[in-house]
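J.: sharing a model prediction with you, sequence too.
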Amino acid sequence: MRVARMSLLFMAFLGSSAVPAAAPTETGFVRLFDGKTLSGWEGNRTLFRPVAGAIVAGNLEQPIPRNEFLCSKRTFENFELRIKARLRGKGDNAGIQFRSRRIPNNHEVIGYQCDMGSTSEFKNIWGWLYDESRRGTFLAQGDPNSISRAFKPNDWNELRIRCEGPRIQIWLNGVKTVDYTEREKQIPRRGVIGLQIHGGAPSEAAYKDIRIKELKP
């Protein structure tokens, strides 16, 4: 009995030593959302609210009157942003602003947007780069086949946005969708991070695990 018990203990020891270690901390990254409050953010707190560790915007029952953005109080220039996002409902579009700013006396913002959702022309624009309220066009489009394989419908998708000088890169669930270099030197490189709910049909955009690492120029 004693030998058997020792054998079992030895096997348990081997089993425990074989368990993989927890994932390492993301060195240099800080969280922009504490999972409970909107501290550090400003915007319409009727539409944007913390729910179960995520920032949720909009609703699935009522139309969204207009575009709205929840923006960070801090500005950033060179950085890597990692965020998980989900879009549900009849509304087909949302996005993550960066290097952006509020338009005075207006509900809109101006700046780069990592797009989410679809348009009447394009079926899947997750990870595309749009220029909100400025040039009003897609600056770079991802490969449809690669995006289709990487995208998780009605689920959380991780977006990674990296800005270094004029270069902007975006990944969707680890698949690069955009590698864009800004040629217009007058375009600002510093701005806020913004979370969008798009005006239109009832929809719910949710964002969580928002963390950022500032990069040296």
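T.: Perfect, thanks for sending it.
J.: any idea which helix or strand in the protein has the lowest mean pLDDT?
T.: Every helix and strand of the chain was ranked by mean pLDDT, DSSP states H and E. The lowest is helix 2-18, at a mean of 39.
J.: and the next helix or strand past that one?
T.: strand 30-31 (DSSP states H and E).
J.: what's that next one in contact with?
T.: With contacts defined as C-beta atoms under 8 Å, 6 or more residues apart in numbering, strand 30-31 is touched by 210-213. (C-beta placed from N, C-alpha, C; glycine too.)
J.: if we use 10 Å, what do you get?
T.: 40, 209-214 (C-beta atoms under 10 Å, 6 or more residues apart in numbering).
J.: tell me the two of these that are most distant?
T.: Taking C-beta to C-beta as the measure, the contacts of strand 30-31 span a maximum distance of 17.7 Å, between 209 and 214.
J.: how about low-confidence regions in the protein?
T.: Within the chain, the ranges that satisfy pLDDT under 70 run 1-25.
J.: just grab the bridge partners of the residue most central in space within it for me.
T.: Centroid-nearest residue in the chain, with C-alpha atoms, centre = their mean: residue 83, separated by 3.7 Å. For residue 83, the beta-bridge assignment (DSSP bridges) gives partners residue 159.
J.: my read is that it contacts residue 72, right?
T.: No - using C-beta atoms under 10 Å, residue 83 makes no contact with residue 72, being 11.6 Å away.
J.: so what sits against both of those two?
T.: Common contacts of residue 83 and residue 72, defined by C-beta under 10 Å, 6+ apart, comprise 32-33, 193, 195, 210, 212.
J.: between the residues you listed, which is closest to residue 89?
T.: residue 195 (15.8 Å).
J.: which ones are touching the closest one?
T.: Applying C-beta under 10 Å, 6+ apart to residue 195 gives the contacts 32-33, 41, 43, 48, 55-57, 68-72, 83, 85, 94-97, 205-207, 210.
J.: wasn't residue 145 part of a helix?
T.: Yes - assessed with DSSP: H, G, I helix; E, B strand; the rest coil, residue 145 lies in a helix.
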